[in-house]
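Participant: Sequence first, then the predicted structure:
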Amino acid sequence: MDPSSAGSGGNSLPSVGPDGQKRRVCYFYDPDVGNYYYGQGHPMKPHRIRMTHSLLARYGLLNQMQVYRPNPARDRDLCRFHADDYINFLRSVTPETQQDQIRLLKRFNVGEDCPVFDGLYSFCQTYAGASVGGAVKLNHGHDIAINWSGGLHHAKKCEASGFCYVNDIVLAILELLKHHERVLYVDIDIHHGDGVEEAFYTTDRVMTVSFHKFGDYFPGTGDIRDIGHSKGKYYSLNVPLDDGIDDESYQSLFKPIMGKVMEVFRPGAVVLQCGADSLSGDRLGCFNLSIKGHAECVRYMRSFNVPLLLLGGGGYTIRNVARCWCYEV
């Protein structure tokens, strides 16, 4: 990463809006988040959030944002989307007791991809609390809110999926809908944002747009023909992409599509899931985006000067993830 790019303002930070006012940026981080551990050999490593934070500190970027430690989401906050019995299970299960709850593990899809680990529920409360906290800040006048520990887009109403337990994105969008008639969700993770799409599939108040690898690839959804249902018809947009897509090809799709979406949908707020597994060299991914190419999506969405919530997501070559998210700040 070129230090001068980060130090001179990167993609979100000290930039000035069209009215000449400096953008108000807030950043959510819990110092304990890097201690959570999915288990040996598991590709999801919360330590990457701590690495990102360390880079931000070294580049002096934390001084240019309002930094907040998130309030943990409460049970009732999580149950605004998730089923009560699922949240009760996440709260009570431990590595020691899981063998007594085989039936529930199966029912809630908790196991290999989404293991039980020490502090699991606290981890969920932390990252969800940060995303909802960011939405609250946007509702009260901030221009950009950032939570790199969030963006866990696969979690469903009553099941875990794809390393995700609680869908912080859905919870944040529900918070934004209290103040905004329409909210746009954009997903640049290499995997389809299935949990968010499903949650808002029948409403015209939330539009979901996902750019992802399609075909025989997790989670296997996100067909170009999936466009929403009932009142939500035409409010889900899927852009399936081939292996190895590079910056130029990606932007030749991303910019015209998102430009038209912004023009027609006119959202009051935007949530951008910045999964970094779409970067070249990712342990699980197969796209060929550079950090600059990935960050160009952030810069473009910010250029519309609509309140923007930036969230993390996938990303499994953790040095690159930290560099990418630092650069995007």
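Facilitator: Okay, I see it. Numbering: from 1, shown residues only.

Participant: can you pull out the strands in the stretch 51-200 of the chain?
Facilitator: Taking DSSP state E, counting those that start in this stretch to define them, one finds strands in the stretch 51-200 of the chain at 66-68, 144-147, 183-187.

Participant: Now do the buried residues in the first one.
Facilitator: Applying a neighbour-count criterion of 16 or more other Cβ atoms under 10 Å, one finds V67, Y68 buried in strand 66-68. C-beta coordinates here come from the backbone N, C-alpha and C atoms, glycine included.

Participant: what does that strand contact?
Facilitator: Contacts of strand 66-68 from elsewhere in the structure, counted by Cβ atoms under 8 Å, 6 or more residues apart in numbering, are R24, V25, C26, Y27, F28, Y29, G133, K137, H142.

Participant: so the fourth one touches I146, yeah?
Facilitator: This means Y27. Yes. Here Y27 reaches I146: they are 4.6 Å apart, a contact under Cβ atoms under 8 Å.

Participant: Find residues that contact each of those two.
Facilitator: In contact with both Y27 and I146: M65, V329, using Cβ under 8 Å, 6+ apart.

Participant: Now the host helix or strand of Y250: average pLDDT?
Facilitator: In the assignment (DSSP states H and E), Y250 maps to helix 247-265. Mean per-residue pLDDT for helix 247-265: 99.

Participant: Repeat that for stretch 211-225.
Facilitator: pLDDT averaged over stretch 211-225 gives 96.

Participant: before we move on, what about stretch 176-184?
Facilitator: For stretch 176-184, the per-residue pLDDT averages 99.

Participant: so C79 makes contact with D85?
Facilitator: No. If you go by Cβ under 8 Å, C79 and D85 don't touch, sitting 10.0 Å apart.

Participant: who's more crowded, the two?
Facilitator: Neighbour comparison, C79 and D85: the larger count goes to C79, with 15 against 11 (by other Cβ atoms under 10 Å).

Participant: Against C158, how distant is the residue nearest to that one when sequence neighbours are not counted?
Facilitator: Using Cβ to Cβ, 6 or more residues apart in numbering and skipping residues adjacent in sequence, the residue nearest C79 is I87, 5.6 Å away. Computed as Cβ to Cβ, to the nearest Å, the I87 to C158 distance reads 9 Å.

Participant: Which one's more surrounded, these two?
Facilitator: The residue with more neighbours, out of I87 and C158, is I87; 22 against 16, by other Cβ under 10 Å.

Participant: Hmm, the more buried one is touching D77, no?
Facilitator: No. The pair I87 / D77 is not scored as a contact, 9.7 Å apart, by Cβ under 8 Å.

Participant: Give me the neighbour count for the nearest residue to L138 once chain neighbours are set aside.
Facilitator: Spatial nearest neighbour of L138, chain neighbours left out: P307 (4.2 Å); criterion: Cβ to Cβ, 6+ apart. Counted by other Cβ under 10 Å, the residues lying close to P307 total 24.

Participant: any idea which strand is longest in this structure?
Facilitator: Across the chain, the longest stretch assigned as strand under DSSP state E is strand 206-213.

Participant: elements contacting that one?
Facilitator: Where contact means 3 or more Cβ pairs under 8 Å, 6 or more residues apart in numbering; DSSP states H and E, strand 206-213 is packed against strand 183-187, helix 194-199, strand 236-241, helix 247-265.

Participant: Report the distance from that strand to the chain centre.
Facilitator: Taking Cα atoms, centre = their mean, to the nearest Å, one finds strand 206-213 lying 12 Å from the centre of the chain it belongs to.

Participant: Then stretch 276-289?
Facilitator: Averaging C-alpha positions (Cα atoms, centre = their mean) puts stretch 276-289 16 Å from its chain's average.

Participant: Same question for stretch 316-329.
Facilitator: Between the centre of stretch 316-329 and the centre of its chain there are 14 Å (Cα atoms, centre = their mean).

Participant: hang on, the earlier thing: quick check: the residue nearest to L138 vs Q40, distance?
Facilitator: 40 Å.

Participant: Spit out the contact partners of the residue nearest to C79.
Facilitator: D75, L78, C79.

Participant: and if you look at S278?
Facilitator: By Cβ under 8 Å, 6+ apart, the contact list for S278 reads I188, D189, I190, F211, G285, F287, L289, H294, G314.

Participant: Give me the distance between the fifth one and L55.
Facilitator: Taking Cβ to Cβ as the measure, G285 and L55 are separated by 21 Å.
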